[in-house]
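[1] Quick check, what structure comes out for this input:
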Amino acid sequence: MLKFLIDEDMPRSTAEIFRFAQEEEAIILTGDMGFGNLLRFPPGEHRGIIIAHFPNEIPTVELNCQIIMAFDKLSEADFQNNLIILEPGKIRVRRKPS
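    Next up, the predicted model:
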């Protein structure tokens, strides 16, 4: 079973959140585009990072629906060790090198 850490206004630095998620073997779900830095967080060197990149004005209910619909389209293997960027109507997956 996959374990997630939801970074919703956590009063911690990106490095602290990342370290904690790795210790807990959790996939990070965040809106922080800083986690999309492939030099700092290369796919394959973490449990997984999901960035929800949506407009600030989107209602919470709509945001949650968009995330759930994206999760339904992804397999468990898509989440593990990869970077996933969710945007309105789009899912991008940066996979770990094979």
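
[2] which residues of the protein fall in helices?
    Counting by DSSP state H, the chain has these helices, from start to end: 14-23, 60-73, 76-79.

[3] Give me whichever of these is most buried.
    Stretch with highest mean neighbour count among the helices of the chain: helix 14-23 (a mean of 15; mean count of other C-beta atoms under 10 Å). In this view, the C-beta of every residue, glycine as well, is placed from N, C-alpha and C.

[4] ok, back up a step: mind putting the helices of the chain in CSV, distance to residue 54 included?
    Putting the helices of the chain into CSV (distance: least, C-beta to C-beta, whole Å) gives the following:
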stretch, distance to residue 54
helix 14-23, 19
helix 60-73, 6
helix 76-79, 19
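
[5] wait, which of the ones you listed is closest to residue 87?
    Nearest to residue 87, of all those, is helix 60-73, at 8.8 Å by C-beta to C-beta.

[6] for the protein, what spans make up the strands?
    For the chain, strands defined by DSSP state E occupy the ranges 4-7, 27-30, 49-52, 83-87, 90-94.

[7] Which of the ones you listed comes out lowest on mean pLDDT?
    For the strands of the chain, mean pLDDT drops lowest on strand 4-7, to a mean of 94.

[8] Thanks again, I'm all set now.
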